[in-house]
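# okay, here's the prediction I keep looking at, along with the sequence it came from:
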Amino acid sequence: MEIYEESGKRKSDILEAQEHKPVYDIYFVGLTLPRPILYDRINKRVDLMIEQGLEEEVKKIYDSGLSRNAQSMKAIGYKEWFDYFEGSKTKEQIIEEIKKHSRNYAKRQYTWFNNQFDVHWYDVNLEDFDSTIHQVLKDIEEWYKKR
């Protein structure tokens, strides 16, 4: 409101009018996987977090009295547990929600980077990650020579 009162413009209009260019000449590298593989890896990561005690970690915080409105409890993997501790959802539902929210977040990250920067995306070779690194370095070197 203060921005509008001072300038007569909405903050979103001011931001939209700005040129979002990096200060330096930069080659943005993004690593990606086919969506089904990425989502499978995200799901397995959540399963591992559960095995390593995520529920117990969040329960201790919940039992300490921290509310769901606390900023630290709004993170993916934390916020979902309140419904379980309060008895409105099953543990299986919570785990599926954490997986879904994690996958959605990955998709939002990809979209955000694509909209903010000229990202050079590379499909990760999971069997030979060194080959991915070598391709990235080769492309950066070629890009730099053209500068």
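That came through fine.

# check which element follows the helix or strand of the chain at the bottom of the mean pLDDT ranking along the chain.
The helix or strand of the chain with the poorest confidence is helix 11-17; it has a mean of 79 (mean pLDDT, DSSP states H and E). Next along the chain after helix 11-17, taking DSSP states H and E as the criterion, comes strand 28-32.

# so what strands line up beside that next one?
Here strand 28-32 is paired, per DSSP bridges, with strand 119-123 (parallel).

# which residues sit against whatever helix or strand comes next after the strand it pairs with?
Later in the chain than strand 119-123, the nearest helix or strand by DSSP H and E is helix 129-145. By Cβ atoms under 8 Å, 6 or more residues apart in numbering, the residues outside helix 129-145 that reach it are 27, 29, 31, 120, 122, 123, 124, 125. (Each C-beta comes from the backbone N, C-alpha and C, glycine too.)

# could you redo the residues you listed as CSV and give each row distance to residue 38 and pLDDT?
Output for the contacts of helix 129-145, formatted as CSV (distance: Cβ to Cβ, whole Å; pLDDT from 0 to 100):
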residue, distance to residue 38, pLDDT
27, 23, 95
29, 17, 97
31, 10, 97
120, 18, 97
122, 13, 98
123, 11, 96
124, 9, 97
125, 14, 97
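
# picking that back up, for the least confident helix or strand of the chain, what is the distance to the chain centroid?
Counting by Cα atoms, centre = their mean, to the nearest Å, helix 11-17 is centred 24 Å from the centre of its parent chain.

# and stretch 25-35, by the same measure?
The answer for stretch 25-35 is 14 Å, by Cα atoms, centre = their mean.
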